[in-house]
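K.L.:
structure for this input, please:
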Amino acid sequence: MKIGLIGLPKSGKTTIFNALTRSQAEVADYSSGRIEPNLAVVDVEDPRVDRLSSIYRPKKTVYATIDFIDFVGVDRGEGKELFSGTAMNLVKSADALAVVVRNFTNEVLDSSRGPADPSRDAEAVHGELLLSDLVLVETRLERIDADHQRGKKTPQSQAEQKVLQMLQEALGGDTPIRDVDLNDDERRTISGFQFLSQKPVMVIVNSDEDRYGASADTVARIGTDFPTVEFAGNFEMELSQLEAEEAAGFMEDMGISESARSRLTRLAYESLGLISFFTVGPDEVRAWTIRRGETAVDAARAIHSDLARGFIRAECFTYEALVAAGSEKGVKTQGQFRLEGKEYRVADGDILNIRFSV
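P.N.:
Next up is the predicted model:
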């Protein structure tokens, strides 16, 4: 899973990036001139993986991972693109966007942009995503119209034109593409564009220590439009550099129950409708990520395309059944071991072994 961190300049994106990834990317009050995004891959913290590893004692334990991408500030300016070059390719590849909004006092920012207003900033970034997509749609419609005037009219171009005109109307009315009711054919028609407003959006309210925990109204207000979580950015960036035991005491003092990474991961999984299933054995215990509602064949495909192509059955039992029984033998003795076919919808916490033949 890839999550892109975006927001207005100096909203604290890199501070949040460091808190999430334990990185030490440069953080500055003034523009550093950075163009390229910061990148990091982190494990998804899941105590179930740890427990499974303690049961099977495998040679290798592999957690699910999240790629975090910290983009430069969204500040279009006259004649500027929202993202360009490598950054645009990366933001289009993201599975979700996390918009970081400022909820802290900064004399420089207060004087240039006004006092912190997270709701205003969230709407500003949302508007920039809509505008970026609208420009792309209108540019493509102009090209299609020019082709049609030259006699290059095909059923495919006419179908694309119809869908894009629908999106143009929606975007012009401040409706993101993810909220447009498209059928499967229409979604396939526009899949190559990778529109920004088609991606799920979350909001991270980046608070200073004085405001953290005292901004429930602000978080709730933004939460009516977007899944929202609050971080004490600078504080949690400093915590990420400490050993776990040392950090725990400071977290308790601030009323923070779990790491920034865990909180955002949970929000991302809920927002994107993701679940985890596991494969286990003496060689490897591994967590895999799929979308809620996907089938055993989809799970097999997540592991390897050959498993999906030659799928026969999935041997299946739950993490909870294994922990209760203490071993696979106990699971079978208690009648909790089963065989599932192609249409079985995988549940969060399922442990699968795919039977296949290629």
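K.L.:
contacts only, for residue 317.
P.N.:
For residue 317, the set of contacting residues under the criterion of C-beta atoms under 8 Å, 6 or more residues apart in numbering consists of 328, 331, 336-338, 350-351. Bear in mind the C-beta positions are built from the backbone N, C-alpha and C, glycine included.
K.L.:
next structured bit after the helix or strand it falls within?
P.N.:
Using DSSP states H and E, the element containing residue 317 is strand 311-318. Tracing the chain past strand 311-318, the next element assigned as helix or strand by DSSP H and E is helix 319-325.
K.L.:
buried ones in that following helix, by neighbour count?
P.N.:
If you call a residue buried by 16 or more other C-beta atoms under 10 Å, then helix 319-325 has these buried ones: 319, 321-322, 325.
K.L.:
got any ranges where the stretch 51-200 of the chain has weak pLDDT?
P.N.:
With pLDDT under 70 as the threshold, the stretch 51-200 of the chain has low-confidence stretches at 74-85.
K.L.:
what ranges do the strands span in the stretch 251-358 of the chain?
P.N.:
For the stretch 251-358 of the chain, the strands defined by DSSP state E, counting those that start in this stretch occupy 274-279, 284-291, 311-318, 338-340, 350-356.
K.L.:
which helices and strands does the fourth one pack with?
P.N.:
If I follow you right, that is strand 338-340. Counting contacts by 3 or more C-beta pairs under 8 Å, 6 or more residues apart in numbering; DSSP states H and E, strand 338-340 is packed against strand 311-318.
K.L.:
and if we set it to 10 Å?
P.N.:
Applying 3 or more C-beta pairs under 10 Å, 6 or more residues apart in numbering; DSSP states H and E, we find strand 338-340 packed against strand 311-318, strand 350-356.
K.L.:
so which of these comes closest to residue 233?
P.N.:
Shortest separation from residue 233 across the helices and strands packed on strand 338-340 is recorded for strand 350-356, at 36.0 Å, computed as C-beta to C-beta.
K.L.:
who are the packing partners of the closest one?
P.N.:
Strand 350-356 is packed against strand 274-279, strand 284-291, helix 296-303, helix 305-309, strand 311-318, helix 319-325, helix 328-333, strand 338-340, with contacts defined by 3+ C-beta pairs under 10 Å, 6+ apart.
K.L.:
list the buried residues of the fifth one.
P.N.:
By that I understand strand 311-318. Using 16+ other C-beta under 10 Å as the test for burial, strand 311-318 gives 311, 313-314, 316-318.
K.L.:
farthest-separated two in the buried residues of helix 319-325?
P.N.:
In the buried residues of helix 319-325, two members sit farther apart than any others by C-beta to C-beta. They are 319 and 325, at 11.1 Å.
K.L.:
top helix in the chain by residue count?
P.N.:
In the chain, ranked by residue count with DSSP state H as the criterion, the top helix is helix 118-149.
K.L.:
can you name the element that comes right after that helix?
P.N.:
Going down the chain from helix 118-149, the next helix or strand is helix 155-172, by DSSP H and E.
K.L.:
identify the residues contacting that following helix?
P.N.:
The set of residues that contact helix 155-172 without belonging to it, under C-beta atoms under 10 Å, 6 or more residues apart in numbering, is 129-138, 140-141, 143-145, 147-148, 153-154, 175-177, 179-183, 185-190, 192-193, 195, 197-198.
K.L.:
what's the offset of the next helix-or-strand element following that helix from the middle of its chain?
P.N.:
Moving toward the C-terminus from helix 155-172, the first helix or strand encountered (DSSP H and E) is helix 184-190. A distance of 22 Å separates the C-alpha centroid of helix 184-190 from that of its chain, computed with C-alpha atoms, centre = their mean, to the nearest Å.
K.L.:
and after helix 184-190, which helix or strand comes next?
P.N.:
The helix or strand immediately downstream of helix 184-190 is strand 201-207, counting by DSSP H and E.
K.L.:
alpha carbons of that following strand, as CSV, please.
P.N.:
What follows is strand 201-207 as a C-alpha-only set of coordinates in CSV (Å, rounded to 0.1, in the frame of the first residue of the first chain):
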residue,chain,number,x,y,z
VAL,A,201,-8.4,11.0,1.0
MET,A,202,-7.7,11.1,4.7
VAL,A,203,-6.8,14.1,6.8
ILE,A,204,-4.1,14.4,9.4
VAL,A,205,-4.6,17.3,11.8
ASN,A,206,-1.1,18.3,12.8
SER,A,207,-1.4,19.9,16.3
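K.L.:
could you check the angle that strand makes with helix 118-149?
P.N.:
Between strand 201-207 and helix 118-149, the angle comes out at 150 degrees (axes from the mean of the first three to the mean of the last three C-alpha atoms, to 10 degrees).
K.L.:
so what strands line up beside strand 201-207?
P.N.:
strand 96-103 (parallel), strand 228-232 (parallel) (DSSP bridges).
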